[in-house]
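S.K.: okay, structure incoming, though there's no sequence with it:
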C-alpha cells in the first residue's frame, strides 16, 4: 500500500510525477461501490454468479477497505446475508416442514456454503485486514453464525430438525429403512456450525439423541430380560452395541460413537449385570456347570466394559467354585480316600484353569480369585496335608498303572500347585517323611530319579530347611549300601559265621528319619546273633555311636517246607491257567518248599513254630514281646488273608483275634509261586489316635519353631514393639504354617520367663533382647 | 506367712498411730490400749547416733542358735512381736525391701545392717519411730513399684521361678488391697482358672494393669501386649458382667 507521503497536491517537477493517492472518497463513490458489491452478493446467493467478474469485485472490496470503509462493508455484508437467509431461505425450509424437510435443509445448507465461499473470496482483503484488526468473525464464520441463528436454530426448524433426526434413528432401530445419508449430512452440518466446537451438534442433536436412546434401551433391557436366558441376553447386547457403533461411525458423527456405546453399556449392562450373572439356569453358574466356555467369554467381554463388571462376575464364579471345592473337601471320615480326594481337586483345578485361559483370557483378577478360593477350601479339611502326601506317595511307588514317566511328572507338577495352597506345610512335611521312609526301606520307589525330582520341586517351593532331612535319608541309604559291601568283605576275610543268615542292614541317622515309637521284640536266635556280629563290626568303625534295632521297619525271607497235602486239586486246576511261573515241587504229595517274604514281626512269630505245633495268641505275645497293635496286624496277614497267603491257620475261625485263639502252621498251604510275599494289611492313612499323636507332635515342633523365630528376630533387631514382632514372626513362618497371634504371645511370655527377652522399663509394649 | 489382710476399712497410718498411742506420744485418738510388751519401756530414748555394734548385738538377740548370722522364722516372729507389728503388716515388707532381704522369714546379718543403717536405727524404739516413714514410702509411686516387684522375689520359693497362686493372692491383697477395686474379681478369676502359679512378668503386669485399666475395662487395649492371663481375665470379667457373648 502506498502512502500518500507527499500529502495532497501534485508537484509539477521533473520527470517523475507522483500522483498522490486520493485519500478521501466521497460518499457517493463509496455508495456506488457498495451497491455494486451488494448486488453481486445477491446474485451469488441466487446462484447467478456466472456473469460476475471476480477481479472487479475483489478490487472494489479492496478499495473500500483501503479507504477505511471496512466497517461499512462488513455491516453491509451482514445485512445482506441475514436478509437473504431470513426472508428466502428460512421461508423455503419452513415450507418444507412436512415434505422433504431434510433434503430441503441440506440443499439450503449446501447452497449457503457454496455462496459463502465465493463471497469470502471476493471479500478476502477485508478478511485479512479489517477482520483481523477488529477482531471480528471472518466472512465465512459470519455466514455460519447467521445461518445457524436464522435458519437452523430458528424455533420451528430447530425443533423439527431434532424431531426428524430422532425419528430416523427410531425407525432404524426397529429395522426399518431410513434416509441415512440425509441424516449424516445434517449431523455434519451441525458439527460445522459449531465453528470451533461441537456445541451446536451436541445441543441440537446429540444430547436429545442420547437421552432418547437411554430410554429406548431401558425398555429394551426389560424385553431382553424377559427372554430369561443370560446367553441370549448377552448376545443381543453385543449385537446392539455393534449396531450403535456402526451407526455412529457412518451416519452420525464419529465422536458420538463412544457416547452412545456408553449409554448402551449403562442401560443394558451396568444396571442389570447382577441379574444376568446370577440368572437361574442360564447365568454364570449354569455356564460353569455346563462348560460353556464361549458364553462365559462373551459375558466376560461384555462385563469388562463397565466398571465393577468383572468383579461382579468374578465373585459369582468364586462363590460357585468355593461351593464345589467345599463339597469335594468335606468328604466324611469313612468315605475318604486320599487318592480320590486329591485327584478330584486336581480335576477341579484343571477345569477352572481351562476357564481361565479360554473364557477369562488369563485375567489377573480371575487368576487371583481362583487361587484364593482353592487356598480357602483346601485348608478346610485338616487332613489335606496327609492326603496330598499319600497321593504323591502313590505316584512314586512301583506299579503305577497306565502312566508314563512324563504323565507322572505332569501330575506331580500339578500336585505342587495344590501344595502351594496348603497352610500347614509342616504337617505335610511330617507325613511326607513317613511315607518316603516306607518307600525307601521297603524298596518301593519306582526310581531314585523321580524321588529326587520331587524333592527338588519341594526345595524350590520351601527352601532347603524343608528338604535337608529328606536328602539325609537318601544319603543314609547309599551309605548303608557301601557299609554292607564292607561288611561282606569283613565276613569273608574274618571267616565269622552268621549262623546261616543272609543279613542286610540299613543304618538310619536318627535325626533324619521319622521318629518311631520305641519298639522291641524278641528276635529268634539266629538273626539275633547275626545282628550282633554286625553290631560289633559297626561300632568298631564308629565308636561313640549307638545302634538301636527297629523291628517295625525290617523284613525277612524265610525258607519254608510244608509237609501236608495240597489244597483241593480241583481248586488248583481252576486257578492255573497259562504257563505257571512257579518252580515249586511238582510231585503231588511231596513236601513243598517256598520262600516266604514277611516283616520282622512276622518272622519272629513264624519261627516259633519250628519248635512248637500250636500256640495261643497269648503265648505268641509273651514269647515275642511284639506290641499288641503290630501283633494283631501281623497275625491277620498270616492267618486271615487270601487262601494263597494263609501260612497259618487260626481256630476258632472267625474275624476276631482273641487271647485264646490258637494258631498253627497251615500244612496244606499251597501256592503257584515259589516266592510268596505276605501282604501286610494296608493302613490307608492314619487311624484317629495316630493322627492325634501326630498333631500333638506337630504342635510341639511349632512351639519350638515360633520361639526360634522370635529369638532370631529379636537378636537381630535388639528391640521391637509387640505388634511388629508378632507380624514379623507370622511373616517368617507363613511358608510352614499360620501361627495365631495368641500363640505367638504365649511363646513370647515363655521367653520372658526364661529371660531371653524382657520388657523395656519405659514401655511395656516394647521388648528387648537379653544377651 | 502373711495372710490376706482385709484392711480395706483401716486407714493407712493406723499402725503408726497405734504404736505412738502406746507410748502416749502424739496420739490423735485416746486409746485405752495399755498392752505393752516391748522390751524397752515406753520412754522415748534420747536420740543417739547410729552404733553398728549395737545394731549387731540387737541382731544377735534374734539370730538362730546354730547360725549367728541368720535370723530364722522364729526370730522374725519374735522380732515382730517386740516391734508390735503383725508379721503380715506391710511395714515389714517395706523394711525387708530396705534390707534387700532375699527370703521371706529370714534376715541375714548383712541384710539387717544394710537396711537398718539406711534407716539409722540400732534399737527397737528407734525403729518403731520409723514405722510411719516406712509406710510413707509406699505413697511414692516409683518406690511402690519397686517394693511391689521386690515382693515377688521375696515371697517365692527359691527353687521355683514362679510364685504359687495362693501366696501371690496374699501378697496382692497386702499390696493392692486398698487401691485396686478389681482385686477380688481377679482372685475369683484365678480360682476358676487353671493357673497354679504366676511368673514375674505376669506379676509385674498386674500392677500396670491396675494402674492403667479402668474398672469398666473400656480402655483395655487388646493389642497392648498384656500377658495372656490378663487377656483371659478381661474376657472372663466381661462374660461375668454379661457384656460379652464369647463363651
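M.R.: Thanks, I have it. Remember, predicted model here, so these are calculated numbers, not experimental data. Residues are numbered from 1 along each chain as shown, chains lettered A, B, ... in the order given.
S.K.: residues touching stretch A:451-459, excluding its own?
M.R.: A:392, A:396, A:409, A:412-413, A:416, A:419, A:432, A:436, A:439, A:445, A:466-467, A:470-471, A:474 (C-beta atoms under 8 Å, 6 or more residues apart in numbering or on different chains). Any C-beta I mention is one placed from the backbone N, CA and C, and that applies to glycine too.
S.K.: partner residues bridging the nearest residue to residue A:719 once chain neighbours are set aside?
M.R.: Using C-beta to C-beta, 6 or more residues apart in numbering or on different chains and skipping the chain neighbours, the partner closest in space to residue A:719 is residue A:768 (4.6 Å). On the basis of DSSP bridges, residue A:768 is bridged to residue A:719, residue A:758.
S.K.: what number of residues lie near residue A:768?
M.R.: 15 (other C-beta atoms under 10 Å in any protein chain shown).
S.K.: what do you get for residue B:49?
M.R.: 6.
S.K.: can you classify it by secondary structure?
M.R.: When classified by DSSP: H, G, I helix; E, B strand; the rest coil, residue B:49 comes out as coil.
S.K.: now do the contacts for the closest residue to chain B within the stretch 201-350 of chain A.
M.R.: Residue nearest to chain B within the stretch 201-350 of chain A (C-beta to the nearest C-beta): residue A:330, separated by 25.5 Å. Contact analysis of residue A:330 by C-beta under 8 Å, 6+ apart lists A:380-381.
S.K.: what's around the closest residue to residue A:252 other than its chain neighbours, how many residues?
M.R.: Nearest residue to residue A:252 in three dimensions, chain neighbours excluded: residue A:187, at 5.2 Å (C-beta to C-beta, 6+ apart). Residue A:187: 22 surrounding residues under other C-beta under 10 Å.
S.K.: need phi/psi at residue A:560.
M.R.: Per-residue torsions, residue A:560: phi -130, psi 150 (degrees, to the nearest 10).
S.K.: pLDDT wise, what is it at?
M.R.: For residue A:560, the model assigns a pLDDT of 89.
S.K.: what residues does it make contact with?
M.R.: Here residue A:560 is in contact with A:593-596, A:606, A:647 (C-beta under 8 Å, 6+ apart).
S.K.: do a quick rundown of the helices in chain B.
M.R.: B:14-22, B:52-60, B:73-83, B:90-99, B:109-119, B:124-129, B:131-137, B:141-155, B:165-176, B:183-192, B:200-212, B:228-240 (DSSP state H).
S.K.: how about the residues of chain B near chain A?
M.R.: B:161-162, B:199-202, B:204-205, B:208, B:223-225, B:227-228, B:231 (C-beta under 8 Å from any C-beta of the partner chain).
S.K.: and those residues, which are buried?
M.R.: The neighbour count (16 or more other C-beta atoms under 10 Å in any protein chain shown) marks B:162, B:199-202, B:204-205, B:208, B:224-225, B:227 as buried among those.
S.K.: output the contacting helices and strands for the helix or strand where the residue nearest to residue A:252 lies.
M.R.: In the assignment (DSSP states H and E), residue A:187 maps to helix A:180-193. Contacts defined by 3 or more C-beta pairs under 8 Å, 6 or more residues apart in numbering or on different chains; DSSP states H and E place helix A:180-193 against helix A:101-122, helix A:139-147, helix A:155-174, helix A:199-201, helix A:230-251.
S.K.: where does pLDDT dip in chain A?
M.R.: Scanning chain A for pLDDT under 70 picks out the ranges A:1-15, A:19-25, A:332-336, A:567-589, A:681-686.
S.K.: hmm, residue B:96 and residue B:85 touching each other?
M.R.: No - in this structure, residue B:85 is not within contact of residue B:96 by C-beta atoms under 8 Å, at 12.0 Å.
S.K.: quick one: which of those two has more around it?
M.R.: Counted by other C-beta under 10 Å, residue B:85 and residue B:96 do not tie: residue B:96 has more neighbours, with 24 against 21.
S.K.: for chain A, what's the nearest residue on chain B?
M.R.: For chain B, C-beta to the nearest C-beta, closest residue to chain A: residue B:225, 3.5 Å.
S.K.: chain neighbours aside, what residue packs nearest to that residue?
M.R.: residue A:722 (3.5 Å).
S.K.: surely the one you found meets residue A:763?
M.R.: No - counting by C-beta under 8 Å, residue A:722 does not reach residue A:763; the two are 9.6 Å apart.
S.K.: can you give me the helices for the stretch 551-700 of chain A?
M.R.: A:569-575, A:600-608, A:617-624, A:628-639, A:688-717 (DSSP state H, counting those that start in this stretch).
S.K.: pop the domain breakdown of chain B in here.
M.R.: B:8-137, B:141-240 (automatic domain parsing).
S.K.: end-to-end on the shortest one?
M.R.: It stands for domain B:141-240. By C-alpha to C-alpha, to the nearest Å, the extent of domain B:141-240 from end to end equals 31 Å.
S.K.: count the neighbours of the closest residue to chain B within the stretch 551-700 of chain A for me.
M.R.: In the stretch 551-700 of chain A, the residue that lies nearest chain B is residue A:699 (16.3 Å; C-beta to the nearest C-beta). Residue A:699 has 10 neighbours, counted by other C-beta under 10 Å.
S.K.: check residue A:265 too.
M.R.: 20.
S.K.: hmm, it is touching residue A:305, no?
M.R.: Yes - at 5.0 Å, residue A:265 counts as touching residue A:305 under the criterion of C-beta under 8 Å.
S.K.: how about residue A:723, what does it touch?
M.R.: Residue A:723 neighbours (C-beta under 8 Å, 6+ apart): B:223, B:225.
S.K.: in chain B, where is pLDDT below threshold?
M.R.: Checking chain B against pLDDT under 70 turns up B:1-47, B:244-247.
S.K.: ok, residue A:347 to residue A:496 distance?
M.R.: 58 Å (C-beta to C-beta, to the nearest Å).
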